[in-house]
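Novice: Based on what follows, work out the 3D shape:
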Amino acid sequence: MLNEEQRKDIRARLNEKVKELAELKQKQHELYIKKEKAFVEKKKISDSIIETIKTLREAKGLRNTLTRQVKDSKSHRSDLNTALQQKINDFKKLQVEKRAMIAKLGIHFDPTRIRQEIDLLEFKIETEAPPFNIEQQMMMKIHQKKRLLEQTKEVNAVFEKVRALGKEIDKLRKKADETHHKIQTKAGESQGHHQELVESSKDLKNLHKREEEAFKNFLDAKKAWSDATDALKAKAAELTELRKKLDEEDRVERQNSAVSAAQTITEKKQDVEEKIKKRQKLTTEDLLAFQAQANVRAQGLQRPTRRR
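Specialist: Model prediction:
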């Protein structure tokens, strides 16, 4: 059985353990918050990586699609340029043929222009209704111009070919220009997506690095929290052990006190019985001791039976 000094020492140690346990609980709670914060940060970076990879795939798909379109457009533009060059060569040959025929026939005017002038004069006569003398002059001019056209019958076909080929050349040139503009536009868009791809690749590399650091921070925080939890459990076990030891000492002390009190009561009872035999006068103390013995006996009879 412990003496009072030993009990005092245990109680002091018990109070110290309670204080240490409270500090450990606070530390464990702070480490838990730190651990959860590190986990959230790591997850946030992981989510950013997923989004960046998605952006990379989209940018790569768009870039590749535009690159194929640019390639197809370049092929189409090449075909247009080839056809355009052929038409231009044919146009030059017709121009040479036209000039040769004009020189041969001695024609010093453009039949196409003459035809336009005739059409204009006829249109004015039909729509303006000029005075008779003016109309006669206009009809004379039309007759003169038609005679000029008679001289150019042999070259009219060549002129028509030149005019038709010129229109074809203009159409081809317009298509070639539109295709070239389309190529430039799509090439610019493709370059933009390629640049986005490059930047996203850099971002992804940095995010992976940050994710590794965040994961390491989380593992460190988790280990620190786990160590604090183990220390808390160990400290709680020490506290429980001290309390059990102190409780056991209190139980033994109560039991010894009860035994000592019972012995005292028994001795008093014997004294009372002896006085009764001798017909001596009983004191108040004697009566109290006798009553205490009766109470002890009654408590013993009233103990509850065990349930089966």
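
Novice: Please count neighbours and contacts with C-alpha atoms only from this point.
Specialist: Will do.

Novice: just checking, what packs against the helix or strand where Leu232 lies?
Specialist: Leu232 belongs to helix 153-277 when assigned by DSSP states H and E. Counting contacts by 3 or more CA pairs under 8 Å, 6 or more residues apart in numbering; DSSP states H and E, helix 153-277 is packed against helix 4-105, helix 111-128, helix 284-301.

Novice: How many residues are close by Leu80?
Specialist: 19 (other CA atoms under 10 Å).

Novice: got a pLDDT number for it?
Specialist: Looking at Leu80, its pLDDT is 87.

Novice: re the thing from before, out of the helices and strands packed on helix 153-277, which one sits most buried?
Specialist: helix 4-105 (a mean of 16; mean count of other CA atoms under 10 Å).

Novice: next one: that helix to chain centre, how far?
Specialist: Distance, stretch centre to chain centre, for helix 4-105: 10 Å (CA atoms, centre = their mean, to the nearest Å).

Novice: what angle do that helix and helix 153-277 make?
Specialist: Helix 4-105 and helix 153-277 are oriented at 170 degrees to each other (axes from the mean of the first three to the mean of the last three CA atoms, to 10 degrees).

Novice: by contact count, what packs against helix 4-105?
Specialist: helix 153-277.

Novice: got the angle between the helix it packs on and helix 111-128?
Specialist: 80 degrees.

Novice: check contacts around the closest residue to Leu80 other than its chain neighbours.
Specialist: Excluding the flanking residues, the one nearest Leu80 by CA to CA, 6 or more residues apart in numbering is Ala176, at 5.9 Å. Listed by CA atoms under 8 Å, 6 or more residues apart in numbering, the contact set of Ala176 reads Arg77, Leu80, Asn81.

Novice: I figured the second one was touching Leu172, is that so?
Specialist: Which is Leu80. Yes - with contact defined as CA atoms under 8 Å, Leu80 reaches Leu172; the gap is 6.6 Å.

Novice: Next, the angle from the helix or strand Gln136 falls within to helix 153-277.
Specialist: Here Gln136 sits within helix 132-150, counting by DSSP H and E. Angle, helix 132-150 to helix 153-277, by the same axes, to 10 degrees: 90 degrees.

Novice: Around Thr179, how many other residues sit close by?
Specialist: Thr179 has 19 nearby residues by other CA under 10 Å.

Novice: Please name the residues that touch it.
Specialist: Applying CA under 8 Å, 6+ apart, the residues contacting Thr179 are Ser73, Lys74, His76, Arg77.

Novice: Which residue lies nearest to the third one in three dimensions, sequence-adjacent residues excluded?
Specialist: So the one you mean is His76. Thr179 (7.7 Å).

Novice: Likewise for Leu94?
Specialist: In space, Leu94 is closest to Val162, 6.3 Å off (CA to CA, 6+ apart).
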